[in-house]
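give me coordinates for this.
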Amino acid sequence: MLHITPPMSTPSVLWKSSLVDGSNFVSVDKHTLQHVKYKNVFALGDCATAPTSKTAAACSTCLASSNNVQSALESVNKPC
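Predicted coordinates:
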């Protein structure tokens, strides 16, 4: 099977932000999809540096990402 896609890039709104690396993709840990600098930021799909497909197939990581986001939010919202 042959899977052909056009060149991928992030939305231009990200290009000048501190979220992206030199290639204009959001810098994330490939295992958690959590940003390497900003711990409250997660990214997946076309905009992330994760070694996944830059197509809708990358959404297979959604479950792992949603679990990571939920854990991060729970740790922030814990009462003192």
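
what bits of the protein have low per-residue confidence?
Applying pLDDT under 70 to the chain flags residues 3, 5, 53-65, 76-80.

what about the helices in it?
Ranges of helices in the chain, per DSSP state H, are 62-76.

give me the most central residue, it.
Nearest to the mean C-alpha position of the chain, counting by Cα atoms, centre = their mean, stands residue 43 at 1.9 Å.

count the neighbours of the nearest residue to residue 32 once chain neighbours are set aside for me.
Nearest residue to residue 32 in three dimensions, chain neighbours excluded: residue 68, at 4.9 Å (Cβ to Cβ, 6 or more residues apart in numbering). For glycine as for every other residue, the C-beta is placed from the backbone atoms N, C-alpha and C. Other residues lying near residue 68 total 17 when counted by other Cβ atoms under 10 Å.

list the contacts for residue 68?
For residue 68, the contact set (Cβ atoms under 8 Å, 6 or more residues apart in numbering) comprises 32, 33, 34, 42.

the third one: neighbour count?
So the one you mean is residue 34. There are 19 residues near residue 34, going by other Cβ under 10 Å.

quick one: which of the contacts of residue 68 sit in strands?
With strands taken from DSSP state E, there is no overlap with those.

who wins on neighbours among those?
Within those, neighbour counts (other Cβ under 10 Å) peak at residue 33, which reaches 24 neighbours.

that one and residue 44 touch, don't they?
Yes - with contact defined as Cβ atoms under 8 Å, residue 33 reaches residue 44; the gap is 5.2 Å.

related to what we said a few turns ago, check the gap between the residue nearest to the centre of the chain and residue 35 for me.
Distance, residue 43 to residue 35, using Cβ to Cβ, to the nearest Å: 7 Å.

what does residue 8 give?
19 Å.

check residue 10 too.
The value you get for residue 10 to residue 35, if Cβ to Cβ is used, is 13 Å.
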